[in-house]
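Enquirer: model this:
(2 chains)
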Amino acid sequence: MLGMMVLHIALDVALQALFDLPLRGTSEIVSEIYMPFVVFGALAAVQKRREEIRVDLISMILPPALDRFLDRLVQVLVVVAALWLAWHTGEQALRAIQIQERIELGAFAIISWPGKLILPIGFALLGAAAFARAVRP
Amino acid sequence: MMPDLSQLETGIAVLVSVLVLIFLRVPVGLALGLSAFCGAAILLPMPAAISLMTRVPYEFAASWEFAAVPLFLVMGSVIVRAGMAEGLFALAGRAMARLPGGLAIATNFAGAAFGAASGSSLATTVAIGRMATPQMLRAGYDPALATAVTACAGTLAALIPPSIPLIVYGILAEQSVARLFLAGVVPGLLTAFAYAAMIAIRCHLNPSLAPRPAAGAVRQPTDRGVIALPIIAVIILGGIYSGLFSPGQAGAVGTLAAILIALPRPSFSWKELAAAFADAARQTASILFVAIGAFMLTRTMALTGLPFALADLVEAWSVSPLLLILGASLLFVLLGMVLDPFGVMLLSVAVLLPVFERLDFDLIWLGIIIVKYIEIGLITPPVGLNVFAAKSVAPDGIGLPTIFRGVVWFLLAEVFVMACLLGFPFIVVWLPNLVFGV
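Expert: Numbering: from 1, shown residues only, chains lettered A, B, ... in the order given. Down below sits the predicted model:
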């Protein structure tokens, strides 16, 4: 997805610069389709690889056992928050599908609901990744 | 039942809860978002609070401005994986060989040049340090200097465009990213030269810190391919200057150029390219997660009226601008010592921006100042992420205290740089004003 985004934007810039013929709807496609897929698609991988941004100050103070317990507790919190977000963004995605949400751009339109559908999927996978971290050592 | 709190009390409770959750190692984005949601739930009917908050992730991610972040991250990742940092360092090493502390100064400028292609401080420290630290140690350099310079050179990447923190600040503060990029150029170079001068003076006064290379020492072959890096940087900046590209388009063009340069190199392959894309997607997701939390916090803060109450307070006490910025500086440095850089920046944008806006501060200048402080936070104990990164690429046996000891000298140089930027704001704003008009 990110690779396609690079090519798509670069092509748009090149056509604009060389022939004054920009690809129409590039910024809409990038923001409504590519970006949600890139961002929410990668959330679970971040959690799985422990690359989430957090501040590790307390583990210098706590005994190791308590530290591990705290980490599990935090993961449970992430699971709850992720599932809650998956539920609500899922409702919004269903509504977008029901009305066949699209963005009109004069001559053509971009179907924008797939970008919304990736949110609940991404959050659910994030919850699963956090759950795996909570139950495994 | 929700406790009956006044708006301001709610605002303060939300901020305290953010800090406590972050301290308990809750991911920063979740700490911000959860506290913000609880605050909104106290102040608004539940359905309104849910609708206000759950719409933020999509609205924030589905944005053309934010697309610049993954694009510049891919570009940086491609350049790192193609091994171009090593080439830059070798080139700088040759150019600086005659100066006292030449290798350290070379590391510093290689960091600045690399920053012109990468927007991430940590990536720059790791990429430059992996090569430069062992070489400086072999040449007999003081270990504190050899490691600290890689930690500090990395911070240059956040000011010299492209810069990920400046993009995020620009979106949240509703300022032009192109202007912010240009505003970062002079302060970034000023910092690089202040570091270089400090290294040269120290090594001149105490030659044992950095033994001079013996005459006729073996020269490494230079990698001519790295000349392409400054060229990419010039294309990006030139394109943004001239209005030919938006920052996002510059990111895509720069990425494509980086890939074209990297692919013929033996150290790079299609597999590396795929890995570079995956790196960038994950980094984007983790940054965006924090930014989404911060955006929720900004909304809750607006509901509580806390930022405006602060602004009223500052106005009522007729605090002088100098005192305000010095007070804010102290706060940024203290927060930067314990929080991660994005946390500091986003919290301060959410809470303090209205105060500065009310007092007619230039928000472009303020963005550069905030980014400078978060970069300083990256090299101060106890949580100095760049120092940790420098340690991760240093040989075993060099501990964090050694690196922090070396960093103290760079912090002295930073005091000088900050005094210049705070005392003479035109250093920051003249370039963007020159190009884009006032």
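Enquirer: ok, then the element right after the one helix or strand B:A123 maps to?
Expert: For B:A123, the element it lies in under DSSP states H and E is helix B:121-138. Sequence-wise, the next helix or strand downstream of helix B:121-138 (DSSP H and E) is helix B:143-155.
Enquirer: list the buried ones in the helix holding B:A123?
Expert: Buried residues in helix B:121-138, counted by 16 or more other C-beta atoms under 10 Å in any protein chain shown: B:121-133, B:135-137. C-beta coordinates here come from the backbone N, C-alpha and C atoms, glycine included.
Enquirer: for chain A, state which of these is nearest.
Expert: Distances from chain A to the buried residues of helix B:121-138, taken as C-beta to the nearest C-beta, are shortest for B:L122 (11.2 Å).
Enquirer: that closest one: what's it in contact with?
Expert: Each residue near B:L122 by C-beta atoms under 8 Å, 6 or more residues apart in numbering or on different chains is listed here: B:154, B:378, B:385-386, B:389.
Enquirer: again with A:L94
Expert: Applying C-beta under 8 Å, 6+ apart to A:L94 gives no contacts.
Enquirer: pretty sure it sits in a helix.
Expert: Yes: assessed by DSSP: H, G, I helix; E, B strand; the rest coil, A:L94 belongs to a helix.
Enquirer: how far away is it from A:E101?
Expert: Using C-beta to C-beta, to the nearest Å, A:L94 is found at 11 Å from A:E101.
Enquirer: nearest the middle, which residue of chain A would you pick?
Expert: Compute the mean C-alpha point of chain A, and by C-alpha atoms, centre = their mean the closest residue is A:F40, 1.1 Å away.
Enquirer: equivalent analysis for chain B, please.
Expert: Central residue of chain B (C-alpha atoms, centre = their mean): B:A158, 3.4 Å from the mean position.
Enquirer: not counting its neighbours along the chain, what's nearest A:F123?
Expert: Nearest residue to A:F123 in three dimensions, chain neighbours excluded: A:A86, at 3.8 Å (C-beta to C-beta, 6 or more residues apart in numbering or on different chains).
Enquirer: buried residues in whichever helix or strand that neighbour is part of?
Expert: Per DSSP H and E, A:A86 falls inside helix A:64-98. Buried positions in helix A:64-98, judged by neighbour count with 16+ other C-beta under 10 Å: A:70-71, A:74-75, A:77-79, A:81-86, A:88-90, A:92-93, A:96.
Enquirer: ok, stretch B:323-340 next?
Expert: By 16+ other C-beta under 10 Å, the buried positions in stretch B:323-340 come out as B:324-325, B:328-329, B:331-333, B:335-340.
Enquirer: and chain A, which of the residues you listed reach it?
Expert: With C-beta under 8 Å from any C-beta of the partner chain as the criterion, the buried residues of stretch B:323-340 include B:338-340 near chain A.
Enquirer: export those residues to a markdown table and tack on secondary structure and distance to B:S51?
Expert: Converted to a markdown table, those look like this (DSSP: H, G, I helix; E, B strand; the rest coil; distance: C-beta to C-beta, whole Å):
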| residue | secondary structure | distance to B:S51 |
| --- | --- | --- |
| B:V338 | helix | 34 |
| B:L339 | coil | 30 |
| B:D340 | coil | 30 |
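Enquirer: so where do the helices sit in the stretch 201-350 of chain B?
Expert: In the stretch 201-350 of chain B, the helices defined using DSSP state H, counting those that start in this stretch lie at B:228-241, B:247-262, B:270-304, B:306-316, B:321-338, B:341-358.
Enquirer: turn these into TSV, columns for mean pLDDT.
Expert: Formatted as TSV, those follow (pLDDT from 0 to 100):
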stretch	mean pLDDT
helix B:228-241	80
helix B:247-262	87
helix B:270-304	87
helix B:306-316	83
helix B:321-338	85
helix B:341-358	83
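Enquirer: got phi/psi on B:F361?
Expert: Main-chain torsions, B:F361, degrees, to the nearest 10: phi -70, psi 150.
Enquirer: which residues of the stretch 1-150 of chain B fall in helices?
Expert: Counting by DSSP H, counting those that start in this stretch, the stretch 1-150 of chain B has helices at residues B:7-23, B:28-43, B:46-54, B:56-61, B:68-81, B:84-95, B:102-115, B:121-138, B:143-155.
Enquirer: hey, C-alpha coordinates of the fifth one in CSV?
Expert: It refers to helix B:68-81. Below are the C-alpha coordinates for helix B:68-81, written out as CSV (Å, rounded to 0.1, in the frame of the first residue of the first chain):
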residue,chain,number,x,y,z
ALA,B,68,4.1,13.2,4.5
VAL,B,69,5.1,11.3,7.6
PRO,B,70,5.2,7.7,6.2
LEU,B,71,6.7,9.0,3.0
PHE,B,72,9.7,10.7,4.7
LEU,B,73,10.0,7.7,7.0
VAL,B,74,10.3,5.3,4.0
MET,B,75,12.9,7.6,2.4
GLY,B,76,15.0,7.6,5.6
SER,B,77,14.6,3.8,6.0
VAL,B,78,15.7,3.2,2.4
ILE,B,79,18.8,5.3,2.9
VAL,B,80,19.7,3.6,6.2
ARG,B,81,19.2,0.1,4.7
